[in-house]
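Visitor: below are the sequence and a predicted model; questions follow.
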Amino acid sequence: MRGAALREILLIGVCYVGFSLVRNLADPSPVLDAVRNGWQVVRLEGLLGLDLEWNVQREIGGRLSGFLTFLTYFYAVGLWLGLGLAAVVLFWKRQGAYRRLRGVFLVTLAGAAVGYVVYPLAPPRFLPGFGMLDTVREMGLDPSASSDFVLSYNRYAAMPSLHYAWALLVTVACFQVRWWWARAFGVGFQGLMLVAIIATANHYVVDAIGGVLLLVIAFAVLKAAEGAWPVIGWALKACVSDGRAWTPVFARLLSGESLGVGAGWGRPAMAEAGSRAPDGGVEEGVGAEAAAMRLRARSLGSERWVGLFV
């Protein structure tokens, strides 16, 4: 269990470092584009009636200044605490659910990296003339203001909101267990995060909508991938199986022939690398061994490889 946990930490750490490098090095000076895109978003929200950011901060800051302070700290550290707690509980209680949601997490990393490169966006607190208080900087929680470290967060990566997408992922994780209080925590967690990202001027409302869409797309991508992983797992299984049995199969791969990996993959099947007996079976020899290896790969190999990624 300890070794598996360390592998998970390493996998997620490496992926996050790669995400940070792509996000921060794609355009070292996106300020002008980010500000222009910010005003585009403001105009779009005005047309849609979603321009709530300024009013939300004013109402909370004017009536509940202590709550605004709490929201700022919650934005800065609460997400990581929630993600970490959800990951530990699922890894301990529901490893199947953990692997699926870990796959969704990694897909959202890739999708968000693309979005940040294609559409740099200045959040409300960095939009000149918008008039919102930068509560994160006021409380000394903004490391990027005095750091050029390449892995520090990109201040112009606002669309989509990963904070809200991952808060929703925490909610989904909470519904994988039977404890009613965990589910209540999950619902409250995403609601509080939605208020926090708006009230602290870190995101627009449409950023949160973008986070929802990103999460939906990530689940759809992973669902589609589930149908492909058994085939990939079968092929990879071939690479570690008896080379003598698989030599005819590799020859057919190079020639472009179908291998018949189950329904929809065409025929003749892989066992036809040998000859058939009169009773419809497969003769002894290479063909029979290949057929046996195919059945074993389909029953065992796909699960092994799916478990690594999904």
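Guide: Yes, it's here. Numbering: from 1, shown residues only.
Visitor: check the burial of Phe130 by counting its neighbours.
Guide: Here the count is done by other Cβ atoms under 10 Å, and Phe130 has 17 residues near it. No exception for glycine: its C-beta is placed from N, CA and C like everyone else's.
Visitor: swap that for Tyr98, please
Guide: So Tyr98, with other Cβ under 10 Å, has 20 neighbours.
Visitor: and if you look at Ile9?
Guide: 11.
Visitor: got it, and Val114?
Guide: Number of residues near Val114 (other Cβ under 10 Å) recorded here: 13.
Visitor: from Pro160, how far off is it?
Guide: Here Val114 is placed at a distance of 10 Å from Pro160 (Cβ to Cβ, to the nearest Å).
Visitor: and the helices in the stretch 101-250 of the chain?
Guide: Ranges of helices in the stretch 101-250 of the chain, per DSSP state H, counting those that start in this stretch, are 135-138, 162-174, 180-199, 205-239, 243-255.
Visitor: worst average pLDDT in those?
Guide: Confidence, taken as mean pLDDT, is least for helix 243-255 of the helices of the stretch 101-250 of the chain (a mean of 47).
Visitor: and Gly3, what element?
Guide: helix 2-25 (DSSP states H and E).
Visitor: so who does the residue nearest to Gln176 when sequence neighbours are not counted touch?
Guide: Of all residues not flanking Gln176 in the chain, Ala97 sits nearest, at 4.2 Å (Cβ to Cβ, 6 or more residues apart in numbering). Applying Cβ atoms under 8 Å, 6 or more residues apart in numbering, we find Ala97 in contact with Leu90, Ala173, Gln176.
Visitor: roughly how far does Ala97 sit from Leu168?
Guide: 15 Å.
Visitor: can you check Leu222 too?
Guide: Leu222 sits 15 Å away from Leu168, going by Cβ to Cβ.
Visitor: next: Ala201.
Guide: In terms of Cβ to Cβ, Ala201 sits 21 Å off from Leu168.
Visitor: between the two, which has more neighbouring residues?
Guide: Ala201 (25 against 22).
Visitor: now do the contacts for the closest residue to Leu50 other than its chain neighbours.
Guide: Leaving aside its sequence neighbours, Leu50 sits nearest to Val205 (Cβ to Cβ, 6+ apart; 4.5 Å). Neighbour list for Val205: Glu45, Leu50, Asp51, Leu52, Glu53, Ile198 [criterion: Cβ under 8 Å, 6+ apart].
Visitor: so who does the fifth one touch?
Guide: For Glu53, the residues meeting the contact criterion (Cβ under 8 Å, 6+ apart) are Pro124, Met132, Ile198, Ala201, Tyr204, Val205.
Visitor: between those residues, which is nearest Leu83?
Guide: Using Cβ to Cβ, Ile198 comes nearest to Leu83 of the contacts of Glu53, at 20.1 Å.
Visitor: what's the neighbour count on the closest one?
Guide: Ile198 has 26 nearby residues by other Cβ under 10 Å.
Visitor: what does Ala208 give?
Guide: Other residues close to Ala208 by other Cβ under 10 Å number 24.
Visitor: could you measure from the closest residue in space to it that isn't next to it in sequence over to Arg178?
Guide: Using Cβ to Cβ, 6+ apart and skipping residues adjacent in sequence, the residue nearest Ala208 is Tyr164, 4.5 Å away. To Arg178, Tyr164 is 26 Å away according to Cβ to Cβ.
Visitor: same drill for these two, tell me which one is more crowded.
Guide: Taking other Cβ under 10 Å, Tyr164 and Arg178 do not tie; Tyr164 has more neighbours (25 against 8).
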